[in-house]
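Chemist: Sequence below, structure please.
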Amino acid sequence: MEQPVPEAQAQAGTADKAGYDDGARRPEGGGREAAADQGTLGAARPHRPVHLHPGFLLVVVAGGILGALARYGLGSILPAPGGWPVPTLAINLSGAFLLGLLLEALVRRGPDAGRLRLIRLFVGTGFMGAFTTYSTLALETNTLFGAGRVTDALLYVGVSVVAGAAATVAGIRLAAGHHARATDRRENRKENR
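Modeler: Got it, this is the predicted structure:
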């Protein structure tokens, strides 16, 4: 991630002879990553970090709105037998699996720029960030503790953390396996030509 450059310094154009800016040893125009993002969401600004770019923020917000609506809808239709927070557990575990799958698939497709960055921000940061819910996990755990259901509370937290990690690893392995199979198929087709 690029470090913010004070506006006066960015306007002054402080690139050295090697084409690097402000001593950070990065190409003057932002390099390949900035070139890949050009035209994605307006003019590329190499001195503005991604998290400060209004277009990227809107992508995250749009994904977040959809993720929150999906969580609300799914949480409304899943039962909570005996007051046990099954909806939140199911949402968080499926979210952990899908996030592992998504991020592994994206990293195997190339650098985090252009279309891949938009997918990561919209689906990964926005949608999955709002779909999964640590705050509800904490609230429901506190509610279970408050009701004197200490064992249920501890079991809920333990299952959430351990199964969440396992779900993430499963998503990563599924994406990695798919990538390996797709790569093998491409190589076999090349050999058969």
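Chemist: okay, CA-based contacts and neighbour counts for the rest of this
Modeler: OK.
Chemist: which other residues reach the strand or helix carrying residue 68?
Modeler: Assigning secondary structure by DSSP states H and E places residue 68 in helix 54-77. Applying Cα atoms under 8 Å, 6 or more residues apart in numbering, the set of residues contacting helix 54-77 from outside is 41-42, 50-51, 87-88, 91, 118, 121-123, 125-132.
Chemist: Now list the buried members of these.
Modeler: Buried members of the contacts of helix 54-77, counted by 16 or more other Cα atoms under 10 Å: 50, 87-88, 91, 118, 121-123, 125-132.
Chemist: what's the most distant pair in the residues you listed?
Modeler: 50 and 87 (33.3 Å; Cα to Cα).
Chemist: got any ranges where this protein has weak pLDDT?
Modeler: 1-47 (pLDDT under 70).
Chemist: would you list every one of the helices in the chain?
Modeler: 7-12, 31-37, 54-77, 86-109, 114-119, 128-131, 134-146, 150-192 (DSSP state H).
Chemist: For the residue nearest the centre of the chain, list the residues it contacts.
Modeler: With distances taken as Cα atoms, centre = their mean, residue 124 lies nearest the centre of the chain, 2.9 Å away. Going by Cα under 8 Å, 6+ apart, residue 124 touches 99, 102-103.
Chemist: again, but for residue 156
Modeler: With contacts defined as Cα under 8 Å, 6+ apart, residue 156 is in contact with 85, 89, 141.
Chemist: One more: residue 91?
Modeler: Counting by Cα under 8 Å, 6+ apart, residue 91 makes contact with 71, 74-75, 131-133.
Chemist: Redo those residues as TSV? Include distance to residue 114.
Modeler: Below are the contacts of residue 91 laid out as TSV (distance: Cα to Cα, whole Å):
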residue	distance to residue 114
71	28
74	31
75	33
131	24
132	25
133	28
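Chemist: Of these, which is the nearest to residue 172?
Modeler: residue 132 (17.3 Å).
Chemist: what's the distance between the nearest residue in space to that closest one that is not next to it in sequence and residue 62?
Modeler: Spatially, and ignoring its direct neighbours in sequence, residue 132 is nearest to residue 92 (4.9 Å; Cα to Cα, 6 or more residues apart in numbering). Distance from residue 92 to residue 62, counting by Cα to Cα, to the nearest Å: 20 Å.
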